[in-house]
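Colleague: Have a look at this prediction, sequence included:
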Amino acid sequence: MSHFLSAANAKRTSLSLALAASVSLLAGCGGSNDTKTDIVPVTPKKAVVQTIAPDYLSSEVAYLDINAQSVAGDYYVKDKSDYTLTSYGTDVYHIGRRGVDTVAKYNSESPDEQIYSYSTNAEGETVLSNPYNLVFANANKAYLIRYASSKVWIINPNAANKEDFKIGELDLAAYIPEDNSKTPSPSAGVIVDGKLYITMQRLSDSFAPNTAYVAVYDVATDTEIETNHTADDEVKGIKLNGQNPLEHNIKAAFGDVYVTSRSAYGNTDLSLSMIEKIETSDYSTSTLVSAADIADNTEAFITSSEIVSTTKGYFVASKAGFNDDGVWTTTSGLFEFNPTTGAIVNSNIAGTGSEQISFISVDDSSFLWVSTINPSTPGIDVINTNTNEKEGDRLLTELNPSVIRFLK
């Protein structure tokens, strides 16, 4: 019996989700989470989802099994909300961010059994590391992006003890801005063709924006690569036009890299919220689309994006404000765009526009999974990217869903 169905303490909500007939419609449009290439689609994956209480006082993780049409909650219940997830194969890494500063490993075949939990703070460090993500080079090597530190840890994901967890580090100190005392605020990373790309927000100590960069490292040697992107700076990396690239917002697809920047909080310039493409052959950059390109848009910023093919991608644009009842509310629209031309093709896909979208991710069968926040019906919508329609009912979660990771 599937562990998704048998875990003793898990809540289950059975929901109909008619995906099998739709898989055949997407032949030739498949892709993986990191580096996408044209493949024959496979059955949509199981997934693990971080969920967060509306009051941000607690959190838990839910396992989703489409074949069983179930949601199993009550995993990794915490009395704090600042948690995120990474997966690799069947392994799940539960990352406690600022104030928690741990990586806990589980396996989805036995999801109740913690394999380990290690600190992400080095001995003697006076500042909490605030880990954001793990980026896997292979089963035995990954990079731990630590937002509050200029040091990216190289870790052994299979370490049997804490002494063997950290096996090296990358130094981003050259990117620390003059108005920040400790960190270039590395926020995300992705590996493509043996190179690690790391986005850095480079915010000041008071969270004012500075020029954002992407550093590039050779995964085999863990040395930084000189990109020669900009002649008038003293660093090796790639200068971005957008400001404030958020967590999870660097993606690799079809051999190139895509970076989504929200723009600095408090900034009203929509043109600095954008999706940029990095050509991995020569590290040149181009701006594909910005929030200013959205018709009649005056206040929504681009917060995330996914690439399905060379001609089809999606991005989320969100705005916040008081609703008619005087409640501060975020609403989001899902847009289709062309990653080659940058043209916006469709808006408010699948009836979006009245709820908040906190995360999107494309599985290997090119289904788009959407974390949707609604006071009464939070959960995951699955969208058929061939038709831009929802497949079945929303997979309801107990708390508000955020990060989605797929499992083998």
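Modeller: That came in fine, so what should we check first?

Colleague: Going by C-alpha atoms from here, please, whenever you check contacts or count neighbours.
Modeller: OK.

Colleague: unless I'm mixing things up, Tyr147 is touching Leu128, no?
Modeller: No - at 9.4 Å, Tyr147 does not count as touching Leu128 under the criterion of CA atoms under 8 Å.

Colleague: With neighbour numbers in mind, choose between the two.
Modeller: The neighbour count for Tyr147 versus Leu128, taken as other CA atoms under 10 Å, is higher for Tyr147 (25 against 18).

Colleague: check contacts around that one.
Modeller: For Tyr147, the contact set (CA atoms under 8 Å, 6 or more residues apart in numbering) comprises Ser129, Asn130, Pro131, Tyr132, Thr183, Pro184, Ser185, Pro186, Ser187.

Colleague: any chance of those in a markdown table, with pLDDT, secondary structure and distance to Ser281 too?
Modeller: Converted to a markdown table, the contacts of Tyr147 look like this (pLDDT from 0 to 100; DSSP: H, G, I helix; E, B strand; the rest coil; distance: CA to CA, whole Å):
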| residue | pLDDT | secondary structure | distance to Ser281 |
| --- | --- | --- | --- |
| Ser129 | 96 | coil | 33 |
| Asn130 | 97 | coil | 32 |
| Pro131 | 98 | strand | 30 |
| Tyr132 | 98 | strand | 28 |
| Thr183 | 97 | coil | 29 |
| Pro184 | 97 | coil | 26 |
| Ser185 | 97 | coil | 26 |
| Pro186 | 98 | strand | 23 |
| Ser187 | 97 | strand | 23 |
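
Colleague: Tell me where this structure is predicted with low confidence.
Modeller: For the chain, the stretches with pLDDT under 70 are 1-44.

Colleague: what residues does stretch 217-235 touch?
Modeller: If you take CA under 8 Å, 6+ apart as the criterion, stretch 217-235 is touched by 137, 170, 174-175, 194-197, 215-216, 236-239, 282-284.

Colleague: Now restrict those residues to buried residues only.
Modeller: 137, 170, 175, 195-197, 215-216, 236-239, 283 (16 or more other CA atoms under 10 Å).

Colleague: Can you flag which of the contacts of stretch 217-235 belong to strands?
Modeller: Ala137, Leu170, Lys195, Leu196, Tyr197, Ala215, Val216, Ile238, Lys239 (DSSP state E).

Colleague: quick one: which of the residues you listed is nearest Trp328?
Modeller: Lys239 (34.6 Å; CA to CA).

Colleague: my read: that closest one touches Tyr213, true?
Modeller: Yes - counting by CA under 8 Å, Lys239 touches Tyr213, with 4.6 Å between them.
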